[in-house]
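Asker: Here is a sequence with its predicted model. Questions after.
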Amino acid sequence: MIAVKTCGKLYWAGEYAILEPGQLALIKAIPIYMKAEIAFSDSYRIYSDMFDFAVDLTPNPAYSLIQETIALVNDFLADRGQTLRPFSLEIRGKMEREGKKFGLGSSGSVVVLVVKAMLALYHLSIDQELLFKLASVVLLKRGDNGSMGDLACIVAENLVLYQSFDRQKVAAWLEEENLATVLKRDWGFSISQVQPALECDFLVGWTKEVAVSSDMVQQIKQNIDQPFLTSSKATVATLVEALEQGNVEKIIEQVETASQLLEGLSSDIYTPSLRQLKEASQGLQVVAKSSGAGGGDCGIALSFDEQSTETLKNRWANLGIELLYQERIGHDDKS
């Protein structure tokens, strides 16, 4: 039995703009894990704790994302001369509570998880870039409307600066060329790790409101214009610079700008709960904003002194916002 795991993710900045090719987003890996166990067996058996039943490879709507990932990786393995054998795969770690998802990128996480599990089963090791491409192909073939930023972060398991690629162009290649050819091509993305040069507390507040990212994207993407894209890209680049320089004022300023850009894009991004989550940072050495598509799920905060962290946590608790995760950034201790 082979065990693998994948993390969740949350956006710090660059949401919505990242849907356009060549844009930038800053995305943080969250160590809330989805785990898989895989072993060869006489027949295919796929089980996820999201559902109360198991399947084989016969198409099943509940398991379509997992089954399509398996089909794609089987193609990839066959191209590499592997003899395919059936296996049993168990996936656990719902990124949700009481049927409400956290918004940590669980669909991206499950795709990367299945790819990693199958490659481990066949003792194949591949680099991050190829892992990202394989997972992206699964989502592109499904017509997914996301930026693939989730995948970039989940593959790298770090705080990453992601530059997006032209998804329509790659989707067109997939229609016309075989998988091996498309995987060898330069897609034009980049994924680089960001090392903040200061210590601060990173906090995640869960609103318990469920947002459907694909619906939010569908609804809001027509509002994206060139001034928004130009401002967003500059903001993310300046924020990364500020983090790497350890410049607190500049970090607060840029996260605030990123937040304002989202507010200006659509009034649907900040729900009343997300607005409260953000406003709870007032008067503190803290900057807070919505994370990801908005409309619910999570918000994030960066706090620059201990007292501010404690006050913010109390304020969130009083508002019914759950502290989902906390980490000391720029420090080895992930308490």
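Answerer: Received, thanks. Residues are numbered from 1 along each chain as shown.
Asker: Just the C-alphas of the helix or strand hosting V137, formatted as CSV.
Answerer: V137 belongs to helix 128-141 when assigned by DSSP states H and E. Output in CSV follows, covering the C-alpha atoms of helix 128-141 (Å, rounded to 0.1, in the frame of the first residue of the first chain):
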residue,chain,number,x,y,z
GLN,A,128,6.8,19.8,-10.5
GLU,A,129,6.3,21.3,-13.9
LEU,A,130,5.1,18.0,-15.5
LEU,A,131,2.9,17.3,-12.5
PHE,A,132,1.3,20.7,-12.9
LYS,A,133,0.8,20.1,-16.6
LEU,A,134,-0.8,16.7,-16.1
ALA,A,135,-3.2,18.0,-13.5
SER,A,136,-4.0,21.0,-15.7
VAL,A,137,-4.8,18.8,-18.7
VAL,A,138,-7.5,17.0,-16.7
LEU,A,139,-9.2,20.2,-15.8
LEU,A,140,-8.8,21.8,-19.3
LYS,A,141,-10.4,18.7,-20.9
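Asker: Provide the contact partners of it at residue level.
Answerer: 65, 68-69, 72-73, 76, 107-108, 111-112, 115-116, 119, 126, 146, 148, 151-152, 154-156, 167, 170-171, 174, 179, 182-183, 187, 189, 191 (C-beta atoms under 8 Å, 6 or more residues apart in numbering). Any C-beta I mention is one placed from the backbone N, CA and C, and that applies to glycine too.
Asker: Can you name the residues that contact the most centrally placed residue in the chain?
Answerer: When C-alpha atoms, centre = their mean is applied to the chain, the residue found nearest the centroid is D150 (2.6 Å). Shown in contact with D150 (C-beta under 8 Å, 6+ apart): 9, 27, 105, 107-109.
Asker: So for the residues you listed, which is the shakiest by pLDDT?
Answerer: Lowest pLDDT among the contacts of D150: G105, with 75.
Asker: circling back to that earlier point, so which of the contacts of D150 sit within strands?
Answerer: Mapping those onto strands (DSSP state E) picks out 9, 27.
Asker: Okay, strands next: where are they in the stretch 51-200 of the chain?
Answerer: Counting by DSSP state E, counting those that start in this stretch, the stretch 51-200 of the chain has strands at residues 54-55, 87-92, 96-97, 100-101, 159-163, 190-193, 200-206.
Asker: Could you list the residues in contact with the last one?
Answerer: Right, strand 200-206. When contacts are defined by C-beta under 8 Å, 6+ apart, strand 200-206 is touched by residues 10, 28, 30, 102-103, 248, 251, 277, 288, 291, 297-304, 306, 309, 312-313, 316, 321-330.
Asker: and the gap between I252 and S281?
Answerer: 9 Å (C-beta to C-beta, to the nearest Å).
Asker: Which strand or helix spans A3?
Answerer: strand 2-13.
Asker: Which other helices and strands does that strand contact?
Answerer: strand 24-40, helix 106-121, helix 149-156, helix 226-245, helix 248-265, strand 298-303 (3 or more C-beta pairs under 8 Å, 6 or more residues apart in numbering; DSSP states H and E).
Asker: Could you dump those into CSV with distance to R92 added?
Answerer: Output for those, formatted as CSV (distance: least, C-beta to C-beta, whole Å):
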stretch, distance to R92
strand 24-40, 5
helix 106-121, 10
helix 149-156, 17
helix 226-245, 34
helix 248-265, 33
strand 298-303, 22
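Asker: Which of these sits closest to L198?
Answerer: Nearest to L198 among these is helix 248-265 (6.7 Å), distances taken as C-beta to C-beta.
Asker: and the closest one, average pLDDT?
Answerer: Averaging pLDDT residue by residue across helix 248-265 gives 98.
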